[in-house]
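In: Have a look at this prediction, sequence included:
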Amino acid sequence: MVHAPTQDPKEVPHELWLRRLDKLSQLLDNAIPIPGTPFRTGLDGLLGLIPGVGDLLGAGIALYIIFEAARLGCPKRTLLHMLGNVGLEALVGTVPILGDLFDIGWKANVRNVALLRVHRAELGREQRSSRQILRLVLVAIVLLFIGLVALTILGVRFLYQLIAS
């Protein structure tokens, strides 16, 4: 089981912090082999199987990695890229079956930690207050929620029209 780190990331060397986030991303995206295939999924993929709220829960957990990246002083453009990875996975994940298959291949959490590693030298250069970080994460959650609700409504309407025809 991966425990959430309690130390301030500014007090822990970046490499140690990146290893912790890497373990979390592996748990979320690669921890479980899919029998009979070369593919793996994780807790995020399992959550995605829960209709309606699974992808929102997975996105909420994925936002923790982005929150920690912001605390590490990750550049704004990288944070936006990370938000895009999570947003795309959450939105496509609302499509039954296709979304679950996409989630297995996309692996937003692993991608986001890889982005952090690519931009490791830039960590700590940008200072953010806790309020700015929280605003960024809250905006992301609200946008994801609105997108998921809209896609769910459109999906239900489409299915209704398909059945009614």
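Out: Thanks, I have it. Residues are numbered from 1 along each chain as shown.
In: sec struct for Asp44, please.
Out: Using DSSP: H, G, I helix; E, B strand; the rest coil, the secondary structure recorded for Asp44 is helix.
In: Enumerate every residue touching the closest residue to Arg40 other than its chain neighbours.
Out: Nearest in space to Arg40, with sequence neighbours left out and distances taken as C-beta to C-beta, 6 or more residues apart in numbering, is Asn30 at 4.5 Å. Using the backbone N, CA and C atoms, a C-beta is placed for each residue, glycine as well. When contacts are counted by C-beta atoms under 8 Å, 6 or more residues apart in numbering, Asn30 is found next to 40-42, 107, 110.
In: packing partners for the helix or strand where Leu148 lies?
Out: Here Leu148 is covered by helix 130-164, with elements defined by DSSP states H and E. Using 3 or more C-beta pairs under 8 Å, 6 or more residues apart in numbering; DSSP states H and E, the elements in contact with helix 130-164 are helix 54-71, helix 76-92.
In: got the angle for that helix vs helix 76-92?
Out: Calculated by axes from the mean of the first three to the mean of the last three C-alpha atoms, to 10 degrees, helix 130-164 forms an angle of 20 degrees with helix 76-92.
In: Flag every buried residue along helix 130-164.
Out: Neighbour counts using 16 or more other C-beta atoms under 10 Å place 133, 136-137, 140, 144, 147-148, 151-152 of helix 130-164 among the buried residues.
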